[in-house]
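Participant: task: produce atomic coordinates for the following.
(one chain, ligands or ions: 1)
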Amino acid sequence: MENSIKRIGVFTSGGDAPGMNACIRAVVRTAIYEGKKVSGILHGYQGMIDKNIIAMDSRSVSNILQLGGTILKTARCLDFRTTEGRLKAYNNIKEEGIDALVAIGGDGTFTGAEVFSREFDIPVVGIPGTIDNDLYGSDFTLGYDTANNTVIDAIDKIRDTAASHDRLFFIEVMGRDSGCIALNCGIAGGAEAILLPEKETGIDELIQKLESAAKDKKSSTIVIVAEGDKNGGAYNVAKRVQEKFDFYDAKVTILGHLQRGGSPSSFDRVLASRLGFAAVKNLLRGQTRIMVGLRGNDIVTTSLEEALRSKEFKLAEDMIEMTNVLAI
Ligand code: F6P
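Facilitator: Presented below is the predicted three-dimensional model:
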């Protein structure tokens, strides 16, 4: 298999994540070191369908290690969900001489990669790149650490002003289906309550917590609301709480897309480099339909199918219990 791959196509897809550029750099340079050619596919699957493909060399990835976003651009592509779209994509990449792919992205990216690879028998290795940290088979996804640092910085700043005014803040963080950022940053930021998509918290239960925080004379209270929490986002939660409980002057902050930008942390740069390197090595060893990931300090592989079991991903119960204890 090693000798049959001549040109590797690399692309980023879905939501961008800090560390994607460092990862592209690692993929391109490892492939070139191994004597292979590399093409960059722009705008993810959309670029395959539109034949938006560029040749890459070692110098085309100079000076990008430290940059947020993705130089290859990204998109969420509906056409790739159709058989016609995928056939067009396949014909285009074949015409460009691409005979193997490295896909950097999250669950949507891997769902597409898995189907495409089976349909056209093209080798694919996935790299987990999403701030959501919701892929089974890797302790961390690219961008998660940087996004956490961005969120903590924001929570700390909000805490300063909240404490000065004795205010209650509802801070909404990203994670449509994943509470990883909310839980982790809630703990690191000393939140009084954390609302997660994976665990329903009723408004009355939340009010009880807020009442006890007020009784205990807390000068500020922070509630972290994951975007995908079932109560419908921070504005809704704040409104419903204030209808019944008006002890505090309450404010809402939605952190939004600033969580996706910024220069990657050193952790994300190293992880990106290791995963990019491992992805190419595994492709050249004849592996396909796998994701490379980090378990402990080891780079491991998981089938794409298994990685997509993220839907059953469970947040650590002990961490959820701990947040309640440490908020007293
Ligand atoms: O998947 C990453 C993510 O940032 C989620 O946390 C969020 O729900 C979603 O992307 C937002 O996507 P978009 O930028 O397309 O609105």
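Participant: Thr150 versus the spatially most central residue of the chain, what's the distance?
Facilitator: Residue closest to the average C-alpha location in the chain (CA atoms, centre = their mean): Thr130, at 1.7 Å. In this view, Thr130 and Thr150 are 15 Å apart by CB to CB, to the nearest Å. C-beta coordinates here come from the backbone N, C-alpha and C atoms, glycine included.
Participant: give me the contacts around the worst-scoring helix or strand of the chain on mean pLDDT.
Facilitator: Within the chain, no helix or strand scores below helix 317-326, which has a mean of 87 by mean pLDDT, DSSP states H and E. For helix 317-326, contacts defined as CB atoms under 8 Å, 6 or more residues apart in numbering pick out 183, 186-187, 190-191, 193-194, 196, 199, 209.
Participant: can we see that at 6 Å?
Facilitator: 183, 186-187, 194 (CB atoms under 6 Å, 6 or more residues apart in numbering).
Participant: one more: stretch 96-104?
Facilitator: 5-10, 12, 20, 23, 27, 39, 53, 109, 113, 123-127, 129, 279, 283.
Participant: tell me which helix or strand the residue of the stretch 1-150 of the chain found nearest the ligand sits in.
Facilitator: Going by CB to the nearest ligand atom, the ligand is nearest to Gly15 of the stretch 1-150 of the chain, at 3.4 Å. Using DSSP states H and E, Gly15 falls within no helix or strand.
Participant: what pLDDT is listed against it?
Facilitator: On pLDDT, Gly15 comes in at 97.
Participant: where's the residue lying farthest from the centre of the chain relative to Asp166, distance?
Facilitator: Most distant residue from the mean C-alpha position of the chain: Lys215, 38.0 Å away (CA atoms, centre = their mean). Going from Lys215 to Asp166 by CB to CB gives 14 Å.
Participant: same question, Ile98
Facilitator: As for Ile98, its distance to Asp166 is 60 Å (criterion: CB to CB).
Participant: those two - which one has more neighbours?
Facilitator: Remark: of Ile98 and Asp166, Ile98 carries more neighbours, 23 against 15, as counted by other CB atoms under 10 Å.
Participant: tell me where the model's unsure across the stretch 1-150 of the chain.
Facilitator: Regions of the stretch 1-150 of the chain meeting the criterion pLDDT under 70 cover residues 1-3.
Participant: residues from it in reach of the ligand?
Facilitator: Taking CB under 6 Å from any ligand atom, the part of the stretch 1-150 of the chain that reaches the ligand is made up of 15, 76, 106, 130-132.
Participant: swap the cut-off to 5 Å and go again
Facilitator: 15, 130, 132 (CB under 5 Å from any ligand atom).
Participant: hang on, the last one in a strand?
Facilitator: Read it as Asp132. No. Asp132 is assigned coil when assessed by DSSP: H, G, I helix; E, B strand; the rest coil, not a strand.
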